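Asks: let's see this in three dimensions:
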Amino acid sequence: MRKVEVVPHDPTWQEAFRMESKRVADALGEIFVAIHHIGSTAIPGIYAKPIIDILVEVQDITQVDEQSSAMESLGYQVMGEYGIPERRFFRKDNQAGVRTHHIHIFEVGSAQVKRHLAFRDYMIAHTEAAQRYSELKRELAREHPQNIDGYIDGKDSFIKEIDLKAAQWSGTQQSIT
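Replies: Next comes the predicted model:
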């Protein structure tokens, strides 16, 4: 069981993302196309688990497997698809064994890339939804302080609701720009 902890937004998360994304880009070399900060640490003003989620886009997902040792040299554990087809997932803990980073790698154009970016952008643009999410996360962390699965399951219906709204919203945003 992993401890479930959510903390107030920390402005240093953006810099932590920037620094780690440079290291990941160097490790992946020419195979990466883009790197994005996702997850709750990318949404200003909300509570989050203090884990930096990084989404990497590549042209060919199979090339990521050839870079596994480079990712391990940065302290990442190689997790394979880890429950999501066509993904490569890596996670890193600090020296105390506390999780600090997640790396999600997908091919360019993946529906998962679009979903994650739409969710993040929708939440940034809709602060009332972001605050509802923040409160839900705090409540679930109190209810499930030692049960990460209970915490994740408790967010599921809210995330699905926002995913639908975000997909519609991002479609209208693209037609406006």
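Asks: buried sites along the longest helix anywhere in the chain?
Replies: Under DSSP state H, the helix in the chain containing the largest number of residues is helix 148-176. Of all the residues in helix 148-176, those buried under the rule 16 or more other C-beta atoms under 10 Å are I148, Y151, G154, I162, A166, W169, S170. Where C-beta positions appear, they are placed from N, C-alpha and C, glycine not excepted.
Asks: next one: stretch 69-82
Replies: For stretch 69-82, by 16+ other C-beta under 10 Å, it's M71, Y76, V78.
Asks: which of those fall within strands?
Replies: Applying DSSP state E to those, the entries found in strands are Y76, V78.
Asks: of all the buried residues of stretch 69-82, which comes closest to A96?
Replies: Closest approach between those and A96, by C-beta to C-beta: Y76, at 16.5 Å.
Asks: do you know how far the closest residue to V78 other than its chain neighbours is from I54?
Replies: Among residues not flanking V78 along the chain, S68 sits closest, at 4.8 Å (C-beta to C-beta, 6 or more residues apart in numbering). As for S68, its distance to I54 is 16 Å (criterion: C-beta to C-beta, to the nearest Å).
Asks: same question, V64
Replies: In this view, V64 and I54 are 13 Å apart by C-beta to C-beta.
Asks: next, the angle helix 148-176 makes with the longest strand anywhere in the chain.
Replies: In the chain, taking DSSP E as the definition, the longest strand is strand 99-107. Here strand 99-107 runs at an angle of 50 degrees relative to helix 148-176 (axes from the mean of the first three to the mean of the last three C-alpha atoms, to 10 degrees).
Asks: who are the packing partners of strand 99-107?
Replies: strand 52-58, strand 88-93, helix 111-125 (3 or more C-beta pairs under 8 Å, 6 or more residues apart in numbering; DSSP states H and E).
Asks: H104: which of the ones you listed is closest?
Replies: strand 52-58 (5.0 Å).
Asks: any residues touching the closest one, and which ones?
Replies: 13, 16-17, 20-21, 24, 28, 31-42, 64, 100-108, 110, 113, 116-117 (C-beta atoms under 8 Å, 6 or more residues apart in numbering).
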